[in-house]
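In: Need a 3D model of the sequence below.
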Amino acid sequence: MIEAVGFDLDGTLIESTDSIVDSMLHTFDSVGEPPPTREEIVATISAPLEDQMKTLSLGNVDECAKIYRAYYDRTAIEKTTLLPGVFEGLKVLREEGLKLGIATSKRRASAEPLLDALGISGLFEACIGREDVVLAKPHPEAVLSLLDTLQVDASSAFFVGDTAYDVGAAHAAGVRCLCVTTGYATAAALEPLNPEGIFSGFSELTAYIMASCNADGAGKLLTDPQSGI
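Out: The predicted structure is shown next:
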């Protein structure tokens with residue numbers, strides 16, 4: 001029986017690419033280093049910030065992370081939106097009586113103001129951020145911490161994400177994993193990782209979770225039936 005659903009944040013619930021890219025370019029400009037391309041930055045999204053910095057070959061990782069976070073926290077709200085169908089879908093899931101939570105590689109200190117500004121903070125019972133765990137996704141610590149906070153067993157929960165980091169964390173935590181392709185990985189990239197379902201949008205995801213709640217499991221679904229894959 002499904003009692004809870006956990007979610008990644010960037011690319012799963014929110015469209016935040018422009019704010020992340022802008023903050024990264026500001027950081028490079030501040031430290032006087034040649035900037036990476038937008039494509040290079042986007043390829044690192046979903047990794048912990050310090051890992052992004054290392055990948056993009058910045059100098060002092062801690063200094064760059066501090067610059068990035070200060071700028072991001074000042075500017076992200078105006079450049080971040082909910083992905084289509086998220087608000088409506090979350091309301092449906094809450095009305096079903098499910099507990100909802102977030103496990104993100106973004107700091108909770110950055111995530112929570114976004115949730116407030118986007119009008120969805122009240123739909124969640126917990127938010128686990130990077131400062132709440134020792135090891136970031138794909139390690140299962142964040143997902144396991146979320147389950148503990150929500151007081152549900154892994155067998156009674158879904159975890160929803162958009163990248164291999166999320167799938168790895170969900171599998172390692174023993175929860176049922178669902179993916180959306182609204183973020184930073186394609187269905188073709190996600191399918192070999194064996195999530196239970198891959199969906200092109202949040203409304204399709206919501207329908208699948210509801211079907212799982214209203215029947216004793218909805219069976220194995222490796223692709224979105226509307227995607228043609």
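In: Residue 127 looks like it's in a helix, true?
Out: No: counting by DSSP: H, G, I helix; E, B strand; the rest coil, residue 127 is not part of a helix but strand.
In: residues touching it, list them.
Out: 101, 102, 104, 108, 111, 112, 115 (Cβ atoms under 8 Å, 6 or more residues apart in numbering). In this view, the C-beta of every residue, glycine as well, is placed from N, C-alpha and C.
In: excluding its backbone neighbours, what's nearest the first one?
Out: Among residues not flanking residue 101 along the chain, residue 126 sits closest, at 3.9 Å (Cβ to Cβ, 6 or more residues apart in numbering).
In: show me the contacts for that neighbour.
Out: 101, 102, 146, 149, 150.
In: which one of those residues is nearest residue 137?
Out: Checking the contacts of residue 126 against residue 137 by Cβ to Cβ gives residue 146 as the nearest, at 11.1 Å.
In: Distance of the closest one relative to residue 89?
Out: According to Cβ to Cβ, to the nearest Å, residue 146 stands 18 Å off from residue 89.
In: who has more neighbours, the two?
Out: Neighbours were counted for residue 146 and for residue 89 using other Cβ atoms under 10 Å; residue 146 has more, 29 against 23.
In: State the phi and psi torsions of the more buried one.
Out: phi -60, psi -50 (degrees, to the nearest 10).
In: repeat for residue 5
Out: phi -130, psi 130.
In: can you pull up the bridge partners for it?
Out: Judged by DSSP bridges, the bridge partners of residue 5 are residue 100, residue 158.
In: Who wins on neighbours among the contacts of residue 126?
Out: Result: residue 146 is most packed of these (other Cβ under 10 Å), 29 neighbours.
In: Just give the number of residues close to the closest residue in space to residue 25 that isn't next to it in sequence.
Out: Leaving aside its chain neighbours, residue 25 sits nearest to residue 35 (5.2 Å; criterion: Cβ to Cβ, 6+ apart). Look at residue 35: counted by other Cβ under 10 Å, it has 15 neighbours.
In: which residues are contacting stretch 22-40?
Out: 21, 41, 52, 56, 58-60, 63-64, 67-68, 71-72, 75-76, 79.
In: From these, list the buried ones, please.
Out: 21, 41, 52, 56, 58, 64, 67, 68, 71, 72, 76, 79 (16 or more other Cβ atoms under 10 Å).
In: check which helix or strand covers the fifth one.
Out: Translated: residue 58. Using DSSP states H and E, residue 58 sits in no helix or strand.
In: And for residue 213, nearest residue in space, chain neighbours not counted?
Out: With Cβ to Cβ, 6+ apart, the residue lying closest to residue 213 is residue 2, at 5.1 Å.
In: where along the chain do the strands fall?
Out: Using DSSP state E, the strands found in the chain span residues 4-7, 14-15, 81-82, 99-103, 126-128, 157-161, 176-180, 197-199.
In: Okay then, goodbye and thanks.
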